[in-house]
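Structure, please.
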Amino acid sequence: MTKWNNSDIYRIARERMVETQIKARGIKDSRVINAMLKVPRHLFVDEALQEQAYGDYPLPIGEGQTISQPYIVALMTEALELKGTERVLEIGTGSGYQTAILAELALWVYTIERFYKLSKRAQKILLEVLGYKNISFKVGDGSLGWKEAAPFDAIIITAATPEIPKPLIDQLAEGGRIVAPVGSEYSQTLIKGIKKGGKLYTTPIEEVRFVKLVGAYGFKE
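Have a look, this model is predicted:
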């Protein structure tokens, strides 16, 4: 009888996830696909939920937040068109899974989370367990961005916002890309914006459903 350890089980689950959820839905960027194959998604959820970590759905991570469906993570990441030289701002660290995918693909990731406990848990996994060295963390209002570290080549917002916060547009470099779910608390469209001549030009990607971004330029509590 063949003996399987946990690493074998999760590796196979990742491979199945990529084949059936990522490639099958049209994700083509090989760098994104390889990152999704590499990053151990199960480490970013509670132990009781680890067997579900590679399923085709979001999972709760505490504080009313979720880890996004794997396909949505891949879709948003691919839309950023990362080549490896970019400084990326992530609004909503959450579990840290999206952060890890970005860290595999970008030069440096700056990530903001408004919940202290979520940020500290993500830091422990990303820095201590997985050993990433190209991530900076901040706890605060993500809708204000990270002015001291701007400009950014790409910005990703992992929570729904009524509109793209102006501070984030200001902090996006010329020619930079921003990806975000925009709309009401209950109905949103994932959009991609490109900054040209100081203005953001957006195109829709698909309908999505995210928890809301709370902040000065987001939703109110």
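
so which helix or strand takes in the residue minimising distance to the centre of the chain?
Central residue of the chain (CA atoms, centre = their mean): Gln98, 3.4 Å from the mean position. Element membership for Gln98, per DSSP states H and E: helix 97-105.

For stretch 14-25, give the mean pLDDT please.
Regarding stretch 14-25, the rounded mean pLDDT is 98.

got it, and stretch 56-64?
On average, stretch 56-64 scores 95.

buried set for it?
Buried residues in stretch 56-64, counted by 16 or more other CB atoms under 10 Å: 58-59, 61. Any C-beta I mention is one placed from the backbone N, CA and C, and that applies to glycine too.

what's the closest of these to Pro162?
Pro58 (21.0 Å; CB to CB).

how about the nearest residue to that closest one, chain neighbours excluded?
Thr66 (4.1 Å; CB to CB, 6 or more residues apart in numbering).

swap in Leu102?
Val109 (4.7 Å).

same question, Arg209
Nearest non-adjacent residue to Arg209, counting by CB to CB, 6+ apart: Gln188, 6.5 Å away.

Tell me how far that neighbour lies from Tyr110.
Using CB to CB, to the nearest Å, Gln188 is found at 24 Å from Tyr110.

which of the two has more neighbours?
Tyr110 (24 against 20; other CB atoms under 10 Å).

Surely that one is in contact with Ile91?
No. Judged on CB atoms under 8 Å, Tyr110 makes no contact with Ile91 at a distance of 9.8 Å.
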